[in-house]
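Enquirer: Starting from these lines, generate the structure:
(one chain, ligands or ions: 1)
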Amino acid sequence: MGADVKRREFLLTGSTVLAAGLFMGVPSVRAAESEMHVFTAKDPANKSLSEQKHVPVIEVPERLTKGVPFPVTITVGEVIHPMVKEHYIDYVELFVDDKPAGRATLTPGQNAPKVTFFITVEGPATLRAREFCNLHGLWEETRQVTIG
Ligand SMILES: [Fe+2]
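Expert: So this is what the prediction gives:
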């Protein structure tokens with residue numbers, strides 16, 4: 001019986017360590033991302049070439065219906081960004097009202113920097129697209145959507 005108790009204690013301790021490791025890993029990744037500077041277009045009507053290549057372009061249908069899935073297509077950017085192994089878009093993310101709504105990891109030399117997520121909204125919402133360039137960092141664009 002004593003050995004059984006010790007085994008149970010060991011299992012509990014092992015689980016606790018694993019859970020703590022997972023718990024500690026997630027915040028450190030988020031902390032690293034939250035410390036990154038997020039670039040946006042300084043003057044959206046007059047973008048520099050770098051901004052044209054990095055600011056995500058968000059496309060949605062003209063009319064949206066409450067609760068009905070619709071496509072959100074994110075392209076990087078107005079001038080298509082390179083996707084070669086030396087210079088590429090690592091990932092594209094979508095947030096709806098600051099909640100994660102999609103993330104796509106891209107492969108240089110294979111994917112184009114363009115992804116589509118299907119989402120639903122229950123009312124007016126703010127879409128935020130982010131992309132990470134391996135050389136030029138984190139960029140974002142926002143777009144308001146309304147129902148009807
Ligand atoms: Fe870049």
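
Enquirer: if I look at the nearest residue to Asp98 once chain neighbours are set aside, how far off is His54?
Expert: Excluding its sequence neighbours, the residue lying closest to Asp98 (Cβ to Cβ, 6 or more residues apart in numbering) is Arg128, at 7.1 Å. C-beta: built from backbone N, CA, C; applies to glycine. Counting by Cβ to Cβ, to the nearest Å, the separation of Arg128 from His54 is 15 Å.

Enquirer: Show me which of these two is the more surrounded one.
Expert: Higher neighbour count among Arg128 and His54: His54, with 29 against 20, using other Cβ atoms under 10 Å.

Enquirer: Name the nearest residue to that one, ignoring sequence neighbours.
Expert: The shortest distance from His54 to any non-neighbouring residue, by Cβ to Cβ, 6+ apart, is to Trp139 (4.4 Å).

Enquirer: helix or strand for that neighbour, which one?
Expert: Taking DSSP states H and E as the criterion, Trp139 maps to strand 137-145.

Enquirer: So which other helices or strands are in contact with that strand?
Expert: Strand 137-145 makes packing contacts with strand 38-39, strand 56-59, strand 125-133 when contacts are defined by 3 or more Cβ pairs under 8 Å, 6 or more residues apart in numbering; DSSP states H and E.

Enquirer: For those, state which one has the densest average packing.
Expert: strand 125-133 (a mean of 21; mean count of other Cβ atoms under 10 Å).

Enquirer: got a list of what His106 touches?
Expert: That one is not His; residue 106 is Leu. Leu106 sits next to Met83, Tyr88, Ile89, Asp90, Tyr91, Val92, Pro113, Val115 when contact means Cβ atoms under 8 Å, 6 or more residues apart in numbering.

Enquirer: any low-confidence regions in the protein?
Expert: Across the chain, the ranges flagged by pLDDT under 70 are 1-34.

Enquirer: tell me the domain ranges of this structure?
Expert: Split into domains by automatic domain parsing, the chain comes to 1-35, 38-145.

Enquirer: ranking the ones you listed by burial, who's on top?
Expert: For those, the largest average neighbour count (mean count of other Cβ under 10 Å) is found in domain 38-145, namely a mean of 16.

Enquirer: I appreciate the help and will end here.
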